[in-house]
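A.B. asks: Need a 3D model of the sequence below.
(2 chains, ligands or ions: 1)
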Amino acid sequence: MKILQISVFIENQSGRLYEVTNLLGENNINIRALSLADTSDFGILRLIVNDPQKAHTLLKENGFTVGRTEVIAVEVPDKPGGLASVLKVLNENNINVEYMYAFVEMSGDCAVMIFRFDETDKALEVLSKNNIVTIEGAKIYGI
Amino acid sequence: MIWNEEFETLPREALEALQLKRLQNLLERVYANVPFYRHAFDKKGIKPEDIKSLKDLHKLPFTYKQDMRDNYPYGLFAVPREQVVRIHASSGTTGKPTVVGYTRRDVATWAELMARTFTAAGVKKGDVLQNAYGYGLFTGGLGAHYGAELIGASVIPISGGNSAKQVMILKDFGTTAISCTPSYALNLYEVALEEGINLKDLPVRVGVFGAEPWTNAMRKEIEEKWGIDAIDIYGLSEVMGPGVSFECVEAKNGMHINEDHFIAEIIDPETEEPLEYGQVGELVFTTITKEAIPLIRYRTRDITRLIKEPCKCGRTFVRMEKVTGRSDDMLIIRGVNVFPSQIESILVERKGVQPHYQLVVDRVGNLDTLEVQVEVGEDLFSDEIKVLQNIEKSIEKDIKDIIGVSAKVKLVEPKTIQRSEGKAKRVIDKRVLK
Ligand SMILES: [Zn+2]
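C.D. replies: Residues are numbered from 1 along each chain as shown, chains lettered A, B, ... in the order given. Just a heads-up that it's a prediction; the model follows:
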């Protein structure tokens, strides 16, 4: 299942991260997962929120450069070697991971990882063939 | 010391008579041989024979850099291309360079002018001159080279860059004179210090610096750090290259214009009317001896004023003050001419890049830096770092390839670039030049 991630361009100046999160909070948008990738000049904030459409519009209206990307939320067994077992499958099938980050909350007994692939559909197919559970949007936004 | 006593100290009256004779000869030549000028003269209803005194000069049409671009590459040549023995070019605003040619006699004239320049700076036969101006299409390297050879100096054609090697040669070759941009001279001082060498302890005695604006404060700094006389020179490739005007070491106050080869005027850039000596305005040159690509009333866009008072060195040529600004938006960065419009066209050609940009020019540790800030719109944005970094790198590469200057591209958030009255402020020049 593909889910929608919001990404925001952030110049590396203190305070901008606060402004984004505060803006979302004031508008009752809950951040479910977050990752900040940065260089010496700029950063890209990636967010999974409970209402991606609303977040997108809101950020855009407030002058941020915003993008939408399809990512996959994968259930990873919460035990030693759990993530490795997932990556092994991807690696064997030549699926390239652009980046990934962890979801704060658990899905039952499993940890949840957000994956960004360059070939999202192919990745989904491989994961499902190998019985690795992906979580659908409606569920992930509400975990 | 004066290289050519006869011409450089010609009484004003004789000099002006010579200028008029050469001007009239020039007008005949361009009217006969350059369709562009014939057309421009006809349009103004003026014939070469209408110019009866130097006071008639203002009747002639101006020539602009755009005219050189419109006639790219050889359209303004006044001699058959076969008589051109050298071709140089300078960067242009649209990626096309401005092309200049030299006949054998032009090359000899240029060498003479640079010989005058070096001699006025105190360089003489027996000196070891390290020529760190860039060699190539840029006129700096070869222009200085021929002049220094003519006076009999031992010329080291090291060209620009490679500072560690420059320092090694300064030390090992017994360099007594250096020519480069003034900011590079300060940079070399730092590099030398890192290598444990104080340039003051070396035999180097004089520096001939040009190709970018600099201040008297910088002169003082260079002179103290290097333990040399630092001399300012001026030139632009369209007119000749280096050697159009030069300071004398006796006065170090204004650059003598080689008036037996160039007629200088100061005009009001707005009204285009000639101004009196001493008034500040745009410098305009007519090249009265050049054969390959003579120019009539060429608009340099450089703002300065002319000093007519006699100089203690004995030269009768008028002096021009240091250039204090531009009547257009050209920037000189590490000796390279940069127009904001050049950067803009590079950005516009890139799909997805909104031309919301700003150039920040600064001087960090003696070297000019150029940062190009580009606002990131949705078309350009990606959730992947490497995509954005590749955009930065490829714009940097285009700027280097097309304009010839190293720049740092920085992606910034939308609307962060200052706007005044809705229009973005394109250039922030933090260099302090007084
Ligand atoms: Zn003088």
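A.B. asks: quick one: residue B:316 from the ion, how far?
C.D. replies: 10 Å (C-beta to the ion, to the nearest Å). All C-beta atoms are positioned from the backbone trio N, CA, C, and that covers glycine.
A.B. asks: do residue B:219 as well
C.D. replies: Going from residue B:219 to the ion by C-beta to the ion gives 16 Å.
A.B. asks: contacting residues for that residue?
C.D. replies: B:182, B:230, B:232, B:252 (C-beta atoms under 8 Å, 6 or more residues apart in numbering or on different chains).
A.B. asks: what's the answer for residue B:287, then?
C.D. replies: Neighbours of residue B:287 in contact, by C-beta under 8 Å, 6+ apart: B:26, B:239, B:240, B:261, B:262, B:294, B:295, B:298.
A.B. asks: Show me those residues that map onto helices.
C.D. replies: Counted as lying in helices by DSSP state H, out of the contacts of residue B:287, are residue B:26.
A.B. asks: Dump the contacts of residue B:287 to TSV, plus distance to the ion, neighbour count and pLDDT.
C.D. replies: Output for those, formatted as TSV (distance: C-beta to the ion, whole Å; neighbours: other C-beta atoms under 10 Å in any protein chain shown; pLDDT from 0 to 100):
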residue	distance to the ion	neighbour count	pLDDT
B:26	27	24	98
B:239	20	25	97
B:240	20	28	97
B:261	17	23	98
B:262	17	22	98
B:294	27	25	98
B:295	26	27	98
B:298	24	22	98
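A.B. asks: Helices of the stretch 301-434 of chain B, start to end?
C.D. replies: B:340-348, B:385-402 (DSSP state H, counting those that start in this stretch).
A.B. asks: what do you get for chain A?
C.D. replies: With DSSP H, the ranges of helices along chain A come out as A:16-26, A:52-61, A:82-92, A:120-129, A:137-142.
A.B. asks: Compile the helices of the stretch 301-434 of chain B into a markdown table and extend it with columns for distance to residue B:225, mean pLDDT and mean neighbour count.
C.D. replies: Shown next, in a markdown table, are the helices of the stretch 301-434 of chain B (distance: least, C-beta to C-beta, whole Å; pLDDT from 0 to 100; neighbours: other C-beta atoms under 10 Å in any protein chain shown):
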| stretch | distance to residue B:225 | mean pLDDT | mean neighbour count |
| --- | --- | --- | --- |
| helix B:340-348 | 33 | 80 | 19 |
| helix B:385-402 | 30 | 92 | 16 |
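A.B. asks: so which of the ones you listed comes closest to residue A:124?
C.D. replies: Comparison of the helices of the stretch 301-434 of chain B against residue A:124 by C-beta to C-beta identifies helix B:385-402 as nearest, at 22.2 Å.
A.B. asks: just checking, what packs against that closest one?
C.D. replies: strand A:42-49, helix B:340-348, strand B:367-375, strand B:408-412 (3 or more C-beta pairs under 8 Å, 6 or more residues apart in numbering or on different chains; DSSP states H and E).
A.B. asks: Go again with 10 Å.
C.D. replies: strand A:31-38, strand A:42-49, strand A:97-102, helix B:340-348, strand B:367-375, strand B:408-412 (3 or more C-beta pairs under 10 Å, 6 or more residues apart in numbering or on different chains; DSSP states H and E).
A.B. asks: Would you tell me which of these gets closest to residue B:127?
C.D. replies: strand B:367-375 (26.8 Å).
A.B. asks: Pick out the residue in chain A sitting closest to the ion.
C.D. replies: Among all residues of chain A, residue A:41 sits closest to the ion, at 49.0 Å; criterion: C-beta to the ion.
A.B. asks: related to what we said a few turns ago, please work out which of the helices and strands packed on helix B:385-402 is packed deepest.
C.D. replies: Of all the helices and strands packed on helix B:385-402, strand A:42-49 has the most neighbours on average by mean count of other C-beta atoms under 10 Å in any protein chain shown, namely a mean of 23.
A.B. asks: any idea of the mean pLDDT for it?
C.D. replies: The average of the pLDDT scores along strand A:42-49 is 94.
A.B. asks: Equivalent analysis for stretch B:4-13, please.
C.D. replies: Stretch B:4-13 comes out with an average pLDDT of 97.
A.B. asks: All good on my end, thank you.
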